[in-house]
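In: Mind looking at a prediction? Sequence and model below.
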Amino acid sequence: MNKAILRISLACLAMFVLLLININYVQAFEGSSLATKPLNARTFDEQFSYQRGSILANGDGTDVKIAYSKLADHQYHRVYPKGPEYAPITGFHTIFSNTGVEGAEDSFLAGNDPRLAVHNFTSLLTGKQKQGATVALTISPTAQNAAYRALQNDGGHQAAAVALDPKTGAILAMASVPTFNPNELTTFDGTKLNKVYNQLAHSKAQPLQNWAVTPNYPPGSSFKIVTSSAAFSRGLVASPATTVPAPQPLKLPNGNLLNNDGDETCFDGKPPIINAFALSCNTAFAKLGIRLTAPVLRDQAELFGVNKTFSIPFQVTPGSFPTPSGWTDPSFTALSAIGQFDDEMSPLQEALFSAAIANGGTLMYPYMVQQVIAPGLSVIQNATPKVFSQAVSAQVASNVKAMMLQVTQSSFGTAHATAGPQATGGITIYGKTGTAENGVNNSATNDAVFTCFVTGPKPIAIGVIVKGGGFGADAAAPIAVQIIKAYEARS
Amino acid sequence: MLAFALAVVVLAFAAASLGLSGKISGLPLFLLVYVVLMLAAHFAVRQLAPYADPLLLPLAAVLNGLGIVMIYRLQESGRNGNPGLQVTDLAASSTTMQVLWTAIGVLGLVAVLVLIREARVLQRYTYTLGALALLLLALPALIGSSINGAKVWITFGGFSVEPGEFARLALAVFFAGYLVTKRDALALAGRRILGIDLPRGRDLGPVLIAWAASIMILIFETDIGTSALFFGLFVAMLYVATQRTSWLLIGVLLFLGGTFITAQLFGHVMERFTVWLHPFSGSNPSNGSFQLIQGLYGMAFGGIFGTGLGQGQPYHTPLVQSDFIFTAFGEELGLVGGMALLLVFGLLVQRGLRAAIAVKDPFSKLLAAGLSFVLALQVFVIVGGVTRLIPLTGVTTPFLSQGGSSLVASWLLIALLIRISNSARQPAPQPIQDEGMTQVVRAA
């Protein structure tokens, strides 16, 4: 019988080995995926039992805390010192969910990222409490504050602004109104939280939406940057001085008439493109659009980041230029070329248009996480600027740049009054206005768009959109000017 | 060895009270009683079975003690100003009760050692114990009360007793006695088909009866775990007795077939499978699989080194004090602690099997092998169940789970193993010198 007993022993051994392997699997390998499963009360309780990492705005060279955790009554409460100002950036961290940087960088902030494993292990051995990593952002508090205040004083429109460094793609400011106060969502009381959250979520003004990265607005004339870039790149127009036909009105292929703004003639009807750009004549660029065709316009727009998704660190698709298959009607292409068809952009996308031109045609990936710093102050992730695309050649970029200069500097430029030398106190702004007609039969108030950049030691590219603001030059440009003035005056 | 085991338990208690309240409370009475009980058991074994395997008692003692510490820790959670939530279905007197049951278990151990001086005397009561086992099995189905979906308890005077735990021991004795007499017939008669020796039809009878009985348990008491244990016990002992693989094959096929059919016929059996395969799908997390996934969450939360005794949140898992106690250990002692516990169980089983191999008398051999195997199988069924290795079925974790019947039955099982290992290791009496004519007869 001993042989059989030995076999039975082997069976017992096999059972124990299976159990050992299985608990290894559950506890060592499956652990992190189980931790994120629904109804896991342990993770839920645990995430407030230790200090979550802070979020810093470091764009001015000093650390400004925009989110941190404070111990009160045995639990860590999240605090947002600047509340609504930084809400589109930080997002919120509630007992139910995370958004914004809180959501995108959660694994670092919560200290669960594999790159923090060594650190967590040493704190375990030394008996220190677990702690999340700090996330330092490229946001400049100066620019952010100027943007937020300018938007707030704008008279209750839905509006947003994004500023970034065209050389690196680092986002310097991102403000959006109407917004919300994330401090109202930090309660541990689920019922109360649900009430506050639902109020925000169902509010008609949609304060939870980050309008700065939502492609929700037709770009209007600011899209002429893309149209002229394509025209220069394809050789349709040789230089800013080349004349282009700009009839008033333009008869579209489908028989409709396209007018310039205010039905005004564009100079003599055959101006140099630089003047047509500065005065923002619709017919000149509509005609160029028809010659370029829709796929070419789309490809040029995509080089500027349209239709692409970025992690900044949260996922955004800042611009959309839909080209449904079979879309061949050149009349619609003409409207697209002046930003009046189905294409929709966000303030971030507007900033990217300017950023590419400012950087000699090279578009950098937009980003806002500069560093992730482990609790022991060692840097575990450091952002390096990356090239997204060569949107246009350096030559084309300098052509467009010259035209954008005329918009603010020439006496007939659309933004001469609001972003010209008198308005800026001597700072030279390169810009393009946009006034997008809106609503059924263009019955609604126009959306105001302004995209611009400043070169020099403190380069900055800005996109501003004010929904229903009226003329781009009047409603959007002053906001950009205020951001620029604050940013350039920064020591 | 025992001193070491006791030290582990006392230190575990210190860690638990430190983790719970932040300070080490003095040695409470229940722990003192436990220590005294174990020492008493030790001296009883030394007196009554001096040659017994010296590891069996300490291994059982460490498991029993850690179980008491964990039950104390769960009982204190959310009570007496300690952090955490209360484990609602765990009474405030649970630890005291568990120590009381330990005392009864140790008394049982001593009684077995006193009354049964040689395991083979039990062979005389083969059919008596067989009948007793059947009676014990049938009792809950007849007069039992259904708790948590399974009908395995009988209640009298405020106490719930699970007769199935004792039936298992009686059955092991019955099988050993029956198989020792019938093993030749079962092993040798029969035809050979496709390379497998098939037994004779009439010899199949007892196997079919055991199978039918376990299926009955499955149906009437809705207890898959217990029926798996019975059937596993029988098949393993049959195999040891006959050394014929065919029995093993027939047994496994019969059990799988039976389970499959009952799964088709009865909703609660099918649900176990669904929960096992898809614990996270659909409405499952909040319904059938809630307990299972809470246990898994606990183990995952503990990770490799665990949260430390008293510092985890095992109270989130329903019934954590009984079926799911292993997950509480996994959570608070981590993967490392869980593996250590499994190794202790493994060592216990191994010592039992070693006694089975060493002992000469076939009845004792069969009994020791069966008891050791069923212990291993029980650990496999419950630990495998709560860690989602196999479908979850409710059996207790030997020595660890809260509950008297299981604890006392486990101590009786250890008593039998101690008795058998004593016989196995007893020095042979001096052979009578017969001019070199001594013939060596090897037991098979």
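Out: All right, it came through fine.

In: my guess is B:Thr126 contacts B:Ala170, does it?
Out: No. B:Thr126 is not in contact with B:Ala170 according to C-beta atoms under 8 Å; the separation is 10.2 Å. C-betas here are computed from N, CA, C, even on glycine.

In: Quick check: pLDDT value at A:Val481.
Out: With respect to pLDDT, A:Val481 scores 95.

In: B:Thr126 and B:Ala170: which has the busier surroundings?
Out: Neighbour count, other C-beta atoms under 10 Å in any protein chain shown: between B:Thr126 and B:Ala170, B:Ala170 has more, with 22 against 19.

In: which helices and strands sit right next to the strand or helix carrying that one?
Out: Assessed by DSSP states H and E, B:Ala170 sits inside helix B:163-188. Applying 3 or more C-beta pairs under 8 Å, 6 or more residues apart in numbering or on different chains; DSSP states H and E, one finds that helix B:163-188 contacts helix B:126-143, strand B:150-156, helix B:201-220, helix B:224-242, helix B:362-386, helix B:404-425.

In: nearest to A:Ala146, of the ones you listed?
Out: For these, the distance to A:Ala146 is smallest for helix B:362-386, at 58.9 Å, taking C-beta to C-beta.

In: Name the single longest helix found in chain B.
Out: When chain B is parsed with DSSP state H, its longest helix is helix B:325-358.

In: ok, is it in contact with chain A or not?
Out: Yes. If you take C-beta under 8 Å from any C-beta of the partner chain as the test, helix B:325-358 does meet chain A, through B:330, B:334-335, B:338-339, B:342-343, B:345-346, B:349-350, B:353, B:356-357.

In: Hey, what's the angle from that helix to helix B:224-242? Just curious.
Out: Angle, helix B:325-358 to helix B:224-242, by axes from the mean of the first three to the mean of the last three C-alpha atoms, to 10 degrees: 10 degrees.

In: And the closest residue to chain B within the stretch 251-400 of chain A, how far from A:Gly111?
Out: Closest residue of the stretch 251-400 of chain A to chain B, C-beta to the nearest C-beta: A:Pro375 (18.7 Å). Distance, A:Pro375 to A:Gly111, by C-beta to C-beta, to the nearest Å: 8 Å.

In: which residues are in contact with both of these two?
Out: Shared contacts of A:Pro375 and A:Gly111, defined by C-beta atoms under 8 Å, 6 or more residues apart in numbering or on different chains, are found at A:Gly53, A:Gln131, A:Gly132, A:Ala133.

In: correct me, but the third one touches A:Pro375?
Out: Yes. In this structure A:Gly132 lies within contact range of A:Pro375 using C-beta under 8 Å: 7.5 Å.

In: who touches both of those two?
Out: With C-beta under 8 Å, 6+ apart as the test, A:Gly132 and A:Pro375 both reach A:Gly53, A:Gly111.

In: Which of these two has more residues huddled nearby?
Out: Higher neighbour count among A:Gly132 and A:Pro375: A:Gly132, with 25 against 19, using other C-beta under 10 Å.
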